[in-house]
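Colleague: only geometry, no sequence info:
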């Protein structure tokens, strides 16, 4: 009889091993003991040790990591009220007369929303205006490192690169650092690009070299170095530095060094505003811009983890973005806005990476008041609380 009971016990235990988490071993033990079969404590302990953790599914046998070796997985995406988000975006676009709109949102690197409204389809590359500056800043960072330079490098130390672009920076420009250029604190004032934006001269691809040539003359530096003055001209200079050091087109360099590593596939500067290339010329899908932000402005990136070690106007402008806080508490954002031909042509874009893991980007083709940008940002923040 003891032999039969033992065979029965082993059979039950074998079944438990086969079906894993779908059966509670404690209830089996109780049932066996009700039948007069005592399950040895050692066997109970063995099954307790092998029991899957609560909420997990059994898996095929394989190496088991110790707690210290377990991967640091991102938190599961928080609940997102998609209905409320869709309603809010629809209302905002209607209230602002926006005919085409794209929007993408991710949390902890997981894309949750990628949508289009009106005449802009989800996943389509769209003009992002000044959101282009972050691409240029990160591209400059990578190119400088590859060539043995840094953000403290002066314009004067890069004369061979400018010479390759047939540009001779004059004395006032030569003492400026690239850190001052990227943070709009080098005194490049006024913004030389503004008056020509809607003129025929903006038909050629890549006007950054022309504006850098103008901007680095003594007569063009009318601002006070150290004071913040937002100007496209600064990023025209950076685009020129990229081409001068690499000896190849700005778009090719930045696609290879910045966009491909981030998983971006839709970006180009050969579209309608390609002439604005390094400061306002990129076309990119909202989803790909979210990927770009998540890759290059993650909490562990040096310029996010320790902004003070990189060009950064405290709690304000950094590498092509507005940056406040640091590390996991960093808040990264920027707006894009172009209004030309007396408002008959307009481009708008926004991107925001929040401290709690949410990142979103939006594009549209209307010239709207900046206060409506703030309304969109506040509306989305309210939905994520």
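Modeller: Happy to help now that I have it. Every value quoted in this text rests on a predicted model; they were computed, and no experiment measured them.
Colleague: pLDDT score for residue 269?
Modeller: For residue 269, the model assigns a pLDDT of 89.
Colleague: Next, work out how far apart it and residue 345 are.
Modeller: Distance of residue 269 to residue 345, computed by C-beta to C-beta, to the nearest Å: 18 Å. In this view, the C-beta of every residue, glycine as well, is placed from N, C-alpha and C.
Colleague: how about the helices in the stretch 201-350 of the chain?
Modeller: Secondary structure of the stretch 201-350 of the chain (DSSP state H, counting those that start in this stretch): helices at 208-215, 232-246, 250-254, 277-280, 286-296, 302-305.
Colleague: Switch those helices over to JSON lines; also include mean neighbour count.
Modeller: Formatted as JSON lines, those follow (neighbours: other C-beta atoms under 10 Å):
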{"stretch": "helix 208-215", "mean neighbour count": "24"}
{"stretch": "helix 232-246", "mean neighbour count": "27"}
{"stretch": "helix 250-254", "mean neighbour count": "22"}
{"stretch": "helix 277-280", "mean neighbour count": "29"}
{"stretch": "helix 286-296", "mean neighbour count": "25"}
{"stretch": "helix 302-305", "mean neighbour count": "18"}
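Colleague: Could you dump the ones you listed into a markdown table with mean pLDDT added?
Modeller: Putting these into a markdown table (pLDDT from 0 to 100) gives the following:
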| stretch | mean pLDDT |
| --- | --- |
| helix 208-215 | 84 |
| helix 232-246 | 95 |
| helix 250-254 | 95 |
| helix 277-280 | 90 |
| helix 286-296 | 98 |
| helix 302-305 | 97 |
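Colleague: which residues sit in contact with residue 365?
Modeller: 98-100, 120, 126-127, 346-348 (C-beta atoms under 8 Å, 6 or more residues apart in numbering).
Colleague: Where does the prediction get shaky in the chain?
Modeller: Low-confidence regions of the chain, defined by pLDDT under 70, span residues 1-78, 195-206, 343.
Colleague: Could you rerun that using 80?
Modeller: Along the chain, the model assigns pLDDT under 80 to residues 1-79, 192, 194-207, 209, 270-275, 340-345, 385.
Colleague: ok, the most centrally placed residue in it to residue 322 distance?
Modeller: Geometric centre of the chain, nearest residue: residue 293, 0.7 Å, by C-alpha atoms, centre = their mean. Look at residue 293 and residue 322: by C-beta to C-beta, they are 12 Å apart.
Colleague: any shared contact partners between those two?
Modeller: Counting by C-beta under 8 Å, 6+ apart, the shared contacts of residue 293 and residue 322 are residue 332.
Colleague: now the contacts of residue 365 as CSV including distance to residue 307 and neighbour count?
Modeller: Listed next are these as CSV, based on distance: C-beta to C-beta, whole Å; neighbours: other C-beta atoms under 10 Å:
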residue, distance to residue 307, neighbour count
98, 34, 22
99, 38, 12
100, 35, 17
120, 34, 22
126, 29, 27
127, 28, 24
346, 32, 18
347, 29, 23
348, 27, 27
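Colleague: mind checking the SS state of residue 169?
Modeller: At residue 169, secondary structure determined by DSSP: H, G, I helix; E, B strand; the rest coil is coil.
Colleague: contacting residues around residue 158?
Modeller: Residues near residue 158 by C-beta under 8 Å, 6+ apart: 149, 241, 244-245.
Colleague: sorry, that was for residue 138
Modeller: Residue 138 makes contact with 258, 296, 319-320, according to C-beta under 8 Å, 6+ apart.
Colleague: returning to that earlier point: how about a markdown table for the helices of the stretch 201-350 of the chain, with distance to residue 352 added?
Modeller: Listed next are those as a markdown table, based on distance: least, C-beta to C-beta, whole Å:
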| stretch | distance to residue 352 |
| --- | --- |
| helix 208-215 | 26 |
| helix 232-246 | 20 |
| helix 250-254 | 22 |
| helix 277-280 | 19 |
| helix 286-296 | 8 |
| helix 302-305 | 14 |
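Colleague: Alright, that wraps it up for me.
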